[in-house]
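# sequence and predicted structure, then a few things I'm wondering about:
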Amino acid sequence: MTENSKTFGLAEKKKVDVLVKFLEYGANLAYKIDNQPDMKKIVENIPYFSDADYEHKLDIIYPDYESETYPFIINIHGGGFGVYSKDGVYRNYGLRLAQNQFAVVNINFRLSTHATYPSQVKDILGAIRFLQKNYEKYSLDVNRVFLSGDSSGAYMAAMASCIMNDPTLQEYYGFYDVQPIRALALNCGLYDFTTFMEKDVRFPLKKEIVSMLFGTTEYKELDVFRYTSVLEYMNDKFPPTYIMDTQKRSFDQEGMRLASRLEELGVPYKTNIYERKLNLPHAFYILSKYEQSHEVLGDIFDFFNQYCDTN
């Protein structure tokens with residue numbers, strides 16, 4: 001943690017620790033009961049930085065056909081910035097995401113339990129840079145790159161897209177000269193830390209989660225906070241976007257705010273907000289037991305395939 005962590009009190013940390021343990025327990029249980037997808041070719045634990053940190057590694061999952069190059073989806077896991085990894089339930093989801101024509105890159109990044117923002121976003125940018133430099137080695141088509149993520153992972157996918165298309169953010173994050181992203185799949189995501197705190201987003205411990213991420217309850221006073229809003233920094237170069245959420249204790253209002261901005265900017269998008277009566281929890285689509293999980297997967301394939309042609 002940074003020096004700012006001293007303003008993140010013990011009471012708040014205890015609440016987050018309880019949430020982390022609950023989420024980890026739930027993820028482990030979900031993995032045990034989840035239907036295991038058919039195994040595919042996987043290149044595991046590729047370091048995208050020159051260190052030995054497990055959080056700086058990624059996996060590449062290949063679809064079941066032979067090709068010289070594969071269009072690919074970079075998938076960013078959720079977990080409130082502080083839990084989960086590319087393994088477990090996200091390995092299963094990555095295998096399902098590779099059922100179509102796409103290879104899938106599952107990414108780890110530094111978690112907020114020991115690294116404050118913008119460490120997480122810089123890790124995602126580092127992984128993207130690594131893939132753009134090493135695509136030939138892994139038979140990836142650098143001209144057909146897609147991003148997806150859920151919850152905090154959706155935020156980071158969207159934020160990375162903002163950085164790629166805004167000069168102010170490029171300078172601040174030190175990230176230049178990148179290949180464009182073809183399209184995004186943003187599921188159950190947040191897109192602005194201020195609007196996320198509005199009363200219409202009902203989610204447990206959201207204040208504590210964000211304070212842990214920034215290392216302080218006074219995160220709005222930090223210089224970096226000015227460079228964190230997807231909704232503010234989006235422009236008309238933002239990639240076409242598929243937006244999915246559920247109305248049961250999730251971030252559906254954030255999804256609608258994102259859709260409104262895309263409409264204003266004239267960027268193609270599709271929204272799919274599941275009604276509360278369906279009783280679908282936040283980020284449900286990661287698990288195969290829900291009928292709607294397969295619908296979402298099909299929607300993502302259909303949306304991405306619209307932007308996969310290189311002509």
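Structure's in. What do you need? Numbers count the residues shown, from 1 in each chain.
# any idea of the mean pLDDT for stretch 37-44?
In this model, stretch 37-44 carries a mean pLDDT of 95.
# extract the CA atoms of stretch 18-37 and return them as PDB.
Taking C-alpha atoms only, stretch 18-37 is exported to PDB below (Å, rounded to 0.1, in the frame of the first residue of the first chain):
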ATOM      1  CA  VAL A  18     -14.700  -9.900   5.100                       C
ATOM      2  CA  LEU A  19     -15.900  -9.200   1.600                       C
ATOM      3  CA  VAL A  20     -12.700 -10.600   0.000                       C
ATOM      4  CA  LYS A  21     -13.000 -13.800   2.000                       C
ATOM      5  CA  PHE A  22     -16.700 -14.100   1.100                       C
ATOM      6  CA  LEU A  23     -15.900 -13.600  -2.600                       C
ATOM      7  CA  GLU A  24     -13.000 -16.000  -2.600                       C
ATOM      8  CA  TYR A  25     -15.200 -18.700  -0.900                       C
ATOM      9  CA  GLY A  26     -18.000 -18.100  -3.400                       C
ATOM     10  CA  ALA A  27     -15.600 -18.300  -6.300                       C
ATOM     11  CA  ASN A  28     -14.000 -21.600  -5.100                       C
ATOM     12  CA  LEU A  29     -17.500 -23.100  -4.500                       C
ATOM     13  CA  ALA A  30     -18.700 -21.900  -7.900                       C
ATOM     14  CA  TYR A  31     -15.700 -23.400  -9.600                       C
ATOM     15  CA  LYS A  32     -16.300 -26.800  -8.000                       C
ATOM     16  CA  ILE A  33     -19.900 -27.000  -9.200                       C
ATOM     17  CA  ASP A  34     -19.400 -25.300 -12.500                       C
ATOM     18  CA  ASN A  35     -19.700 -27.400 -15.600                       C
ATOM     19  CA  GLN A  36     -16.100 -28.000 -16.800                       C
ATOM     20  CA  PRO A  37     -15.700 -26.900 -20.400                       C
END
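# which residues are contacting it?
Stretch 18-37 is touched from outside by 79-80, 82-84, 88-89, 92, 95-96, 99, 113, 204-205, 208-209, 286-289, with contacts defined as CB atoms under 8 Å, 6 or more residues apart in numbering. Quick note: C-beta positions are derived from backbone N, CA and C, even for glycine.
# which strand of this protein spans the most residues?
Longest strand in the chain, counting residues (DSSP state E): strand 140-150.
# let me see the mean pLDDT of the helix or strand that comes right after it.
Using DSSP states H and E, the helix or strand that directly follows strand 140-150 along the chain is helix 152-165. Here helix 152-165 scores 97 as its mean pLDDT.
# now for the helix or strand that helix 152-165 is followed by, which elements pack on it?
Going down the chain from helix 152-165, the next helix or strand is helix 167-173, by DSSP H and E. Identification of packing neighbours for helix 167-173 by 3 or more CB pairs under 8 Å, 6 or more residues apart in numbering; DSSP states H and E yields helix 119-134, helix 152-165.
# just name the most buried of those.
helix 152-165 (a mean of 26; mean count of other CB atoms under 10 Å).
# how much does that one deviate in direction from helix 119-134?
Interaxial angle of helix 152-165 relative to helix 119-134 (axes from the mean of the first three to the mean of the last three CA atoms, to 10 degrees): 60 degrees.
# what about the helices in the stretch 201-311 of the chain?
Along the stretch 201-311 of the chain, counting by DSSP state H, counting those that start in this stretch, helices occupy 206-214, 230-233, 252-265, 291-305.
# out of those, which comes closest to residue 137?
Closest of the helices of the stretch 201-311 of the chain to residue 137 is helix 291-305, at 23.3 Å (criterion: CB to CB).
# what helices or strands is that closest one leaning on?
By 3+ CB pairs under 8 Å, 6+ apart, helix 291-305 packs against helix 89-97, strand 183-187, strand 241-246, strand 269-274.
# in JSON lines, list these along with mean pLDDT and mean neighbour count.
JSON lines is the format used below for the helices and strands packed on helix 291-305 (pLDDT from 0 to 100; neighbours: other CB atoms under 10 Å):
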{"stretch": "helix 89-97", "mean pLDDT": "96", "mean neighbour count": "22"}
{"stretch": "strand 183-187", "mean pLDDT": "98", "mean neighbour count": "27"}
{"stretch": "strand 241-246", "mean pLDDT": "98", "mean neighbour count": "26"}
{"stretch": "strand 269-274", "mean pLDDT": "98", "mean neighbour count": "18"}
